[in-house]
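1. Sequence and computational prediction follow.
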Amino acid sequence: AWRMLGKATHATVLLAGEGAKVFAVSTRPRFLEMEAAKFEDYLKEEGLLAAQQLRRQKGESAAKSREMYAKFAKTYVVSGRPDRAYAQALGLKIEFIPQSDPAALKPGDELPVQVLFEGRPLADVQVEVAISADPRRKSLHKIVGCTNSRGEIRVPISQAGKLRLHCVHMQRVAQPTHDWESSWASFTFEVAGAPSPASDVVS
């Protein structure tokens, strides 16, 4: 039951029986053009330093970007007793694969995850976590680091609430319409427990 609420697309799903579910959605590639300064800031923010360096080498640092991008989002939901659904790869172009059950996490734990791109471990991609303990306030964002040679990274869980991991992988292409293709991945889940005080959440 898909519906639009403001600028967001929502779906309602009835969970039948106990167990864990992983939901995924992907978007069709979309063309995006940015002014040079804005694109350079974006590359720096997302840790896409290789793309930034390549632009510099080609003398393109002052040129507009021509990019095709697509998003691949996953969310993990538990109804009753959890199972190992969290470890299932869904075959998305880029995706997070938790190495332990997110439903068992508590503040102070770490969640080991692996990032796959086209089914293979993706190394040196920056991972960011956003935590929302209070829906009335902005999320707390933090860069966790970059994946190792096996596409793995450990994500510290600082507090209870709704968490979203995300990363972006960008590739140079030789197409008449665009120069870059980027793939954006996210994984959302919830950590149970008493939310941190609102004063602890950075807006």
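-> Nice, I can see it.
2. alpha carbons only for contacts and neighbour counts from here, please
-> Fine.
3. Which residue, other than its chain neighbours, is closest to the residue nearest the centre of the chain?
-> Residue closest to the mean C-alpha point of the chain, counted by CA atoms, centre = their mean, is His166 at 1.8 Å. Leaving out its chain neighbours, the residue that sits closest to His166 by CA to CA, 6 or more residues apart in numbering is Ser186, at 4.2 Å.
4. likewise Phe31?
-> Per CA to CA, 6+ apart, closest to Phe31 is Met68, 4.5 Å.
5. Could you pull out the buried residues of the host helix or strand of the one you found?
-> Following DSSP states H and E, one finds Met68 within strand 65-79. By neighbour count on 16 or more other CA atoms under 10 Å, the buried set for strand 65-79 is 65-78.
6. how about the strands in this structure?
-> 2-5, 8-11, 19-26, 30-34, 65-79, 94-98, 110-117, 120-121, 126-132, 140-146, 152-156, 161-172, 180-191 (DSSP state E).
7. returning to what we had before: residues in contact with the residue nearest to Phe31?
-> 29-32, 178, 180-182 (CA atoms under 8 Å, 6 or more residues apart in numbering).
8. Try it again at 10 Å.
-> The neighbours of Met68, taking CA atoms under 10 Å, 6 or more residues apart in numbering as the test, are 28-33, 170, 177-183.
9. I'd say Gln99 and Gly151 touch.
-> No: in this structure, Gln99 is not within contact of Gly151 by CA atoms under 10 Å, at 11.7 Å.
10. Return the distance of Glu60 relative to Gln52.
-> Here Glu60 is placed at a distance of 9 Å from Gln52 (CA to CA, to the nearest Å).
11. neighbour-wise, which of those two wins?
-> Gln52 (18 against 14; other CA atoms under 10 Å).
12. returning to that earlier point: can you put the buried residues of strand 65-79 in a markdown table and add distance to Val115?
-> A markdown table is the format used below for the buried residues of strand 65-79 (distance: CA to CA, whole Å):
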| residue | distance to Val115 |
| --- | --- |
| Ser65 | 26 |
| Arg66 | 25 |
| Glu67 | 22 |
| Met68 | 21 |
| Tyr69 | 18 |
| Ala70 | 16 |
| Lys71 | 14 |
| Phe72 | 12 |
| Ala73 | 13 |
| Lys74 | 12 |
| Thr75 | 15 |
| Tyr76 | 16 |
| Val77 | 19 |
| Val78 | 22 |
